[in-house]
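Engineer: build me a model:
(one chain, ligands or ions: 2)
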Amino acid sequence: MVDRFDAGYQFPPIRATLELVVGVLRELFKGLRVTGRIMIGTITGSELVTTRYPQEMREKPQRFHGRHVLNRYPDGMEKCIGCELCAGACPAKCIYVRGQDNDPANPTSPGERFGFVYEINMLRCIFCGLCVEACPTEAITMTSLFEMSTTNREDAIYTRETLLMDPVGKVPHMFPEDELADLGELDTADGWLKATSPSGVAAYEGVEMWRGTPGPGNWDPEPTQDVRDSRTSEEDGDG
Ligand code: SF4
Ligand code: SF4
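Structural biologist: Ligands and ions are numbered 1, 2, ... in the order given. The predicted structure follows:
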């Protein structure tokens, strides 16, 4: 080990040491400049990068994947035919469906069967939307609502009674008194249902494929590609 007080020890030159210290401090301040700017901007309110949720709610994108809803046809018939395809497609295995034969004299759905039992475990759901993609009748769709915290596991199991819209299109909420819940978001089905992607077939461009319901879905279909191409990113909400 070198004894620094040996007569032969060479201390680094003062100038080189100062340059090193100044260089380190310069890089440090350079790195903290962004942090400092955001911190001051946050304190003064001039550059907020976060939203003061729940006091301030951000507007959700039209295709936001929120809480599910089981739809009806405009005549009040249930769209679910109890086929269980949604349950099969669900990667989180959080859907449980059991179909039952319709009463021919008083059918619940236009199919042979209807979804007699329907449950979604929201604690497992990853809101991927694959159940919506798999459904052949657009019976299960997603809304914009995600304010649905619970304090126990049972309340996170959404049953048919909670998921199914009533004959006029109103969708029940588990906790309608919850002041964070915007019940209007339950009346709006997710935006991809109004998407008009032609899937490569020009004849389908701009054609709305969504079959109506008593309530949700009352907005314009997604514009055709040429209209979207002519928009600026600001008009598309990307700005
Ligand atoms: S959104 Fe995804 S995870 Fe949730 S129920 Fe549907 S398929 Fe399952
Ligand atoms: S929601 Fe759709 S996919 Fe699921 S059981 Fe009903 S009809 Fe079938």
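
Engineer: buried ones in the lowest-mean-pLDDT helix or strand in the chain?
Structural biologist: The weakest-scoring helix or strand in the chain, judged by mean pLDDT, DSSP states H and E, is helix 225-229 (a mean of 78). Within helix 225-229, not a single residue qualifies as buried, counting by 16 or more other CB atoms under 10 Å. The way it works is simple: take the backbone N, C-alpha and C, and place the C-beta from them, glycine included.

Engineer: so for A7, what's the pLDDT?
Structural biologist: pLDDT recorded at A7 is 62.

Engineer: again with the one 10 residues further on
Structural biologist: Taken from the predicted model, the pLDDT recorded for T17 is 88.

Engineer: look at it and tell me its secondary structure.
Structural biologist: Assigned with DSSP: H, G, I helix; E, B strand; the rest coil, T17 falls in the helix class.

Engineer: for it, which residues are in contact?
Structural biologist: By CB atoms under 8 Å, 6 or more residues apart in numbering, the contact set of T17 is empty.

Engineer: domain map for this protein?
Structural biologist: 11-50, 60-186 (automatic domain parsing).

Engineer: now do the same end-to-end measure for the last one.
Structural biologist: Between the opening and closing residues of domain 60-186 we find a distance of 13 Å, counting by CA to CA, to the nearest Å.

Engineer: hmm, that domain touching ligand 2?
Structural biologist: Yes - counting by CB under 6 Å from any ligand atom, ligand 2 is contacted by domain 60-186 at 80-86, 97, 115, 134-135, 137, 139-140.

Engineer: quick one: that domain near ligand 1?
Structural biologist: Yes - remark: domain 60-186 sits within contact range of ligand 1 at 89-92, 94-95, 120, 125-131, by CB under 6 Å from any ligand atom.

Engineer: with neighbour count and secondary structure as new columns, can these be given to me in a markdown table?
Structural biologist: As requested, those are exported to a markdown table (neighbours: other CB atoms under 10 Å; DSSP: H, G, I helix; E, B strand; the rest coil):
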| residue | neighbour count | secondary structure |
| --- | --- | --- |
| A89 | 16 | helix |
| C90 | 21 | coil |
| P91 | 11 | coil |
| A92 | 15 | coil |
| C94 | 19 | coil |
| I95 | 24 | strand |
| I120 | 27 | strand |
| C125 | 20 | coil |
| I126 | 11 | coil |
| F127 | 14 | coil |
| C128 | 14 | coil |
| G129 | 17 | coil |
| L130 | 16 | helix |
| C131 | 25 | helix |
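
Engineer: looking at those, which is nearest S230?
Structural biologist: Ranked by distance to S230 (CB to CB), the residues of domain 60-186 next to ligand 1 are led by G129 at 28.5 Å.

Engineer: and the gap between that closest one and G36?
Structural biologist: G129 sits 41 Å away from G36, going by CB to CB, to the nearest Å.

Engineer: and what of A16?
Structural biologist: 29 Å.

Engineer: narrow the residues of domain 60-186 next to ligand 2 to those in helices?
Structural biologist: In helices, defined here by DSSP state H, the members of these are L85, C86, A134.

Engineer: hang on, the earlier thing: using PDB, write out every CA atom in the least confident helix or strand of the chain.
Structural biologist: The C-alpha coordinates for helix 225-229 follow below in PDB (Å, rounded to 0.1, in the frame of the first residue of the first chain):
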ATOM      1  CA  GLN A 225     -59.100   5.700 -44.800                       C
ATOM      2  CA  ASP A 226     -58.900   8.700 -47.300                       C
ATOM      3  CA  VAL A 227     -60.700  10.900 -44.700                       C
ATOM      4  CA  ARG A 228     -58.300   9.900 -42.000                       C
ATOM      5  CA  ASP A 229     -55.300  10.300 -44.300                       C
END
